[in-house]
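> build me a structure from this.
(4 chains)
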There are 2 protein chains.
Amino acid sequence: MTPTIRDVAKQAGVSIATVSRVMRESADVREATRLRVLAAAAELEYTPSQLGRQLAERRHAANGIVFPDLSGPYYAEVVLGYEAVAAELRRSVLILSTHGRSDAEAAVREMAGRCDGLVILGRTVSDSVVQHLAARGTKLVLVARPPIGSVDSVNAENYASARTLAEHLLSEGVRNLRFVGDPVNSPDVAERWAGVQAAFGRSGSGCTTELVTVDELDEESGAAVAAAALAADDLPDAFVCANDELALGLLGLLRASGVDVPGTVMVTGWDDVMAARYAGLTTVRQPMRELGATAARLLDELIVDQRTEPRHELLQTELVLRSSTSSTSPKEST
Amino acid sequence: MTPTIRDVAKQAGVSIATVSRVMRESADVREATRLRVLAAAAELEYTPSQLGRQLAERRHAANGIVFPDLSGPYYAEVVLGYEAVAAELRRSVLILSTHGRSDAEAAVREMAGRCDGLVILGRTVSDSVVQHLAARGTKLVLVARPPIGSVDSVNAENYASARTLAEHLLSEGVRNLRFVGDPVNSPDVAERWAGVQAAFGRSGSGCTTELVTVDELDEESGAAVAAAALAADDLPDAFVCANDELALGLLGLLRASGVDVPGTVMVTGWDDVMAARYAGLTTVRQPMRELGATAARLLDELIVDQRTEPRHELLQTELVLRSSTSSTSPKEST
DNA sequence: CCGGTTTCTGTAACCGGTTACAAACTGGAA
DNA sequence: TTCCAGTTTGTAACCGGTTACAGAAACCGG
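Numbers count the residues shown, from 1 in each chain, chains lettered A, B, ... in the order given. Below you'll find the model as predicted:
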């Protein structure tokens, strides 16, 4: 068996308390004793059991993060930003992907019992589960999801950026705009849609917006929307898509069909995934790593400082103009 | 405080042993007693402490996975494949990104103490650390890294796929090929390079290969290689890049400079990242999720079955032909 | 060399579960 | 009713650490 603290104590001729003090450098130990213990530990190749330590300290020194998926760059980047800060704060990171898992709620509950706090990305679990966890005292931070009760949250700005994006399109001559997304299911998308409408609402008559609702925000849906518009010979001046995948699918089909983008119709996305750069897609970049990093810091505050008043962070986004919206060569942002 | 097993025992008028048996359904308990305990547990909202349980069972019920980064899709997909299977096997997943971390080795050691087994992706830690962990009895599986001693490993096929890729280029009329990568630092890349050479070696005289070594496998390096070749007016028939990022950077600069791809020069990558599709890049797709899933299963065998003879899995890859290598319109693979 | 501090160390009681073993039931046959 | 085998349950000893508290040792000036 691997050696325990008692083996080391015996080997060094001291009590387990002294070994503990030496290993964790928590109290003054006479130098001679300390060296004796260290020598014994080295000889036995002793490493304190994290399990024993965790139980005694009643803390896991680990945080969890729940996300739907890592396929796109979005969540992957958030997770990375989170992990980097968590590691800095000397906490391990447990992950849980809810994608295609029917027992997601149970898995999240289980996970809550294995860490000191939890970050929840997007709509991975229901509001009621969040409420329930919060009520049971689980430290929680929501990311990319509107605040629930007094649970901390971190989000990227949507409304103002969408408005800026729409205003840019107006300045490029767009008069009728078609928004593609699912504002009903996603609060983020709803805010973007609202921002777009606000910009167009102010700009007087002659400017119209319409909404095409899609179920999945993926390339396939985007292509389907484009195909339908082509079939009906009903192209707007611009398609504003709820995310890049939609926009890429849409853009790909339009170009493949010989439609001039941005000449005939403009296309925009949201997120700035890597492929958006290659496709020349105008989009909105979210500070993804920063979202994760901020969540990690908020969670640490909750756990370490026992903070009780909730905090809600809103991080700024950045409009990235590319060739899909500008007939004149835009300054490329990489 | 949250209730403990003793609180429930008192509430139900039984011993803690009985509560334990009911909670874990490990032994026969009379139905009436069982219901009484369950009622008490429900009333107190009791959830067994994972810490206590883990210590008693001397297992973490968690596995770790170490990777350099999640930025590209490669590791993210592997991690997802891993997580999915681990969750199925009822194990939590701890993650550790070594990217830009100077104390990576210490972090990995620390992590080893917090889980029952570890999956290591790529060259995140040195061979000596792997050896050391293995010697200490840590259950290990290496992914995307050549076997070390008798440690399990899972890899994607490189040599044969590279050979197939090179043969395809030969059939497209390529006579001199330039390989871009770092075969010295990466065994995977070395195998690809060897496969390429093998194909060209067989094809008789008039066919040449050369190697351009780069330090970083990123877009910037790829662009630099392209720029250098253009400046020297020394373009090969094809650039075969060690990964997609390199190829995309290279391809982007060539096209921006007005070079006809594939007319004048062909370009290939490796990995099939999402952007490769938009750039029309011929590449080799690895079964990334499957790599992770296989690693999870091997690790579980090591832990649960106490398997001792090492296993080394080699998963097959798939050549994806796109417009960057074929003057005739290739059948697009999505 | 003494008493009073100050510093170091050991004892033992936790942390919250699991489980071997023995004791206490149970029901049915004798 | 008694006895025995088969169930159920309780006692207590773990798992491997941390830490409050008290006792021992070292240090210091007088």
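> contacts and neighbour counts: CA atoms only from here.
Noted.
> where do the strands sit along the stretch 1-150 of chain A?
A:62-67, A:92-97, A:117-121, A:139-143 (DSSP state E, counting those that start in this stretch).
> what strand or helix carries the residue of the stretch 151-300 of chain A found nearest chain B?
Across the stretch 151-300 of chain A, the shortest distance to chain B (CA to the nearest CA) belongs to A:A275, at 4.3 Å. Secondary structure assigned from DSSP states H and E places A:A275 in helix A:274-279.
> contacts for that helix?
A:73, A:244, A:248, A:282-283, A:322, A:334, B:274-276, B:278-279 (CA atoms under 8 Å, 6 or more residues apart in numbering or on different chains).
> ok, so of these, who is nearest A:L96?
A:P73 (16.5 Å; CA to CA).
> make JSON lines out of the strands of the stretch 1-150 of chain A and add mean pLDDT.
Shown next, in JSON lines, are the strands of the stretch 1-150 of chain A (pLDDT from 0 to 100):
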{"stretch": "strand A:62-67", "mean pLDDT": "97"}
{"stretch": "strand A:92-97", "mean pLDDT": "96"}
{"stretch": "strand A:117-121", "mean pLDDT": "97"}
{"stretch": "strand A:139-143", "mean pLDDT": "97"}
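> beta partners of A:A156?
A:L315 (DSSP bridges).
> surely it meets A:E318?
No. Using CA atoms under 8 Å, A:A156 makes no contact with A:E318, being 10.2 Å away.
> tell me, how many residues neighbour A:A256?
When counting by other CA atoms under 10 Å in any protein chain shown, one arrives at 10 neighbours for A:A256.
> got the phi/psi numbers for it?
Torsion angles at A:A256 (phi, psi; degrees, to the nearest 10) stand at phi -60, psi -30.
> how much space separates the residue nearest the centre of chain A from DNA strand D?
By CA atoms, centre = their mean, chain A has its centre lying nearest to A:V78, at 4.1 Å. According to CA to the nearest atom of the strand, to the nearest Å, A:V78 stands 32 Å off from DNA strand D.
> among the contacts of helix A:274-279, show me the least confident.
Scanning those for pLDDT, the low point is A:T334. It has 42.
> ok, the residue nearest to the centre of chain A - contacts?
By CA under 8 Å, 6+ apart, the contact list for A:V78 reads A:288-293.
> can you do 10 Å?
A:65, A:67, A:70, A:121, A:143-144, A:287-295, B:70 (CA atoms under 10 Å, 6 or more residues apart in numbering or on different chains).
> neighbours of A:V174, how many?
20.
> who's the closest residue in space to A:L299 that isn't next to it in sequence bridged to?
Once flanking residues are discounted, A:L299 sits nearest to A:V141: 6.2 Å by CA to CA, 6 or more residues apart in numbering or on different chains. Counting by DSSP bridges, A:V141 is bridged to A:V119, A:D152.
> burial of A:V141, as a residue count?
A:V141 has 30 neighbours, counted by other CA under 10 Å.
> likewise for the one 5 residues further on?
As a burial measure, the neighbour count of A:P146 was computed by other CA under 10 Å and equals 18.
> read off the pLDDT value for it.
88.
> I'd say it and A:P187 touch.
Yes. Checked against CA atoms under 10 Å, the pair A:P146 and A:P187 is within contact range at 7.1 Å.
> mind listing the shared neighbours of these two?
A:122-123.
> how much space between A:A42 and chain B?
Remark: distance between A:A42 and chain B (CA to the nearest CA, to the nearest Å) = 13 Å.
> drop anything exposed from the contacts of helix A:274-279.
A:73, A:244, A:248, A:282-283, A:322, B:274-276, B:278-279 (16 or more other CA atoms under 10 Å in any protein chain shown).
> out of A:A156 and A:E318, which sits in the busier spot?
Comparing A:A156 with A:E318 by other CA under 10 Å, the one with more neighbours is A:A156, at 21 against 16.
> figure out the helix or strand that A:L319 lives in.
Secondary structure from DSSP H and E places A:L319 in strand A:318-320.
> strands paired with that strand, and their directions?
The pairing partners recorded for strand A:318-320 under DSSP bridges are strand A:283-285 (antiparallel).
> how far is the next helix or strand after the partner strand from where the chain is centred?
Sequence-wise, the next helix or strand downstream of strand A:283-285 (DSSP H and E) is helix A:288-300. Remark: helix A:288-300 is offset 9 Å from the chain centroid, using CA atoms, centre = their mean, to the nearest Å.
> just the buried residues of helix A:288-300, please?
Under 16+ other CA under 10 Å, the buried positions of helix A:288-300 are A:288-300.
> what's it packed up against?
Packed against helix A:288-300 by the contact rule (3 or more CA pairs under 10 Å, 6 or more residues apart in numbering or on different chains; DSSP states H and E) you find strand A:62-67, helix A:73-88, strand A:117-121, strand A:139-143, strand A:152-156, strand A:312-315.
> same list, these, but as TSV with distance to DNA strand C please.
Formatted as TSV, the helices and strands packed on helix A:288-300 follow (distance: least, CA to the nearest atom of the strand, whole Å):
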stretch	distance to DNA strand C
strand A:62-67	17
helix A:73-88	24
strand A:117-121	17
strand A:139-143	17
strand A:152-156	26
strand A:312-315	31
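> now render those as JSON lines, adding distance to B:R34.
Formatted as JSON lines, those follow (distance: least, CA to CA, whole Å):
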{"stretch": "strand A:62-67", "distance to B:R34": "32"}
{"stretch": "helix A:73-88", "distance to B:R34": "41"}
{"stretch": "strand A:117-121", "distance to B:R34": "32"}
{"stretch": "strand A:139-143", "distance to B:R34": "32"}
{"stretch": "strand A:152-156", "distance to B:R34": "39"}
{"stretch": "strand A:312-315", "distance to B:R34": "44"}
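> nearest to B:V214, of the ones you listed?
Per CA to CA, nearest to B:V214 of the helices and strands packed on helix A:288-300: helix A:73-88, 25.5 Å.
> pull out the buried positions in that closest one.
Neighbour-count burial for helix A:73-88, counted by 16+ other CA under 10 Å, picks out A:73-87.
> need the per-residue pLDDT for A:S329.
48.
> now do the contacts for the residue nearest to A:L299.
If a contact means CA under 10 Å, 6+ apart, then A:V141 has A:65, A:117-121, A:130, A:134, A:147, A:151-154, A:294-300, A:302, A:310-312 as its contacts.
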